[in-house]
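*Asks:* Give me coordinates for this.
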Amino acid sequence: MSPMMSNTDALPNRSAPTQAITKTALIVWRIRTALESILVALIPIGYGILMRYVPMPTWMLYVLISLFVLFFIVYVIIGPYLRWKKFKYEVYDEEIEVQYGVIIVKRTLIPMIRVQHVDTEQGPLLRKFGLAAVTISTAATTHRIPALTVDVADELRNRIVKLATVADDDE
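*Replies:* Model (predicted):
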């Protein structure tokens, strides 16, 4: 142990969080990313329209279409699956741990004493599939646990509020 750290400063050595978000998140994320990819589809569409009025190489249209198909596969099909697979969370008595990211996986600990408020939120797409997101606000930032069933989201929000209140009382 270093001279700068006392026994009270040591954090428990934990394994990665285990709680996963619902698999229905895949459907929601794929719909959202498919709608977003429409903007990227405008590139080959615009090039094809432009070819009617300006002489341009046809091979470039095929390259643009191929790139769009590759983008669609990665962004709409593979990306949401990898995000879903990597996203985990865990609520402990004194902190909340959130793990997210695909290429760079981050694990964030949010101390209960720092929690200012907790919300559940539903956009139209989440509402359609009976899902909600839990947002945990601290003075510094907001953390989000996306795509939980409404019952789980409400239960999680209430549990975090209760634990944060206990942590405030202990100060």
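
*Asks:* So residue 138 is in contact with residue 114, correct?
*Replies:* Yes: Residue 138 is in contact with residue 114 according to C-beta atoms under 8 Å; the separation is 4.4 Å. (Glycine included, C-beta is placed from N, CA and C.)

*Asks:* Settle it for me: which of those two has more neighbours?
*Replies:* Each of residue 138 and residue 114 has its neighbours counted (other C-beta atoms under 10 Å); residue 114 has more, 17 against 14.

*Asks:* Enumerate every residue touching that one.
*Replies:* The contact partners of residue 114, taken as C-beta atoms under 8 Å, 6 or more residues apart in numbering, are 138, 139, 140.

*Asks:* Please apply the same query to residue 37.
*Replies:* 68, 71, 72, 75, 76.

*Asks:* Walk me through the domains of the chain.
*Replies:* 25-83, 91-170 (automatic domain parsing).

*Asks:* Packed most tightly, which of these would that be?
*Replies:* Mean neighbour count (mean count of other C-beta atoms under 10 Å) peaks for domain 91-170 among the domains of the chain, with a mean of 16.

*Asks:* Mind listing the residues bridging to residue 149?
*Replies:* residue 131 (DSSP bridges).

*Asks:* wait, isn't it in contact with residue 129?
*Replies:* No: contact status for residue 149 versus residue 129: not in contact, 9.2 Å apart, counting by C-beta under 8 Å.

*Asks:* where do the contact lists of these two overlap?
*Replies:* residue 24.

*Asks:* Tell me which residue is most central in this protein.
*Replies:* residue 146 (5.7 Å; C-alpha atoms, centre = their mean).

*Asks:* In contact with that one, which residues?
*Replies:* Residue 146 touches 21, 25, 87, 133, counting by C-beta under 8 Å, 6+ apart.

*Asks:* Please tell me how far it sits from residue 24.
*Replies:* Taking C-beta to C-beta, to the nearest Å as the measure, residue 146 falls 11 Å from residue 24.
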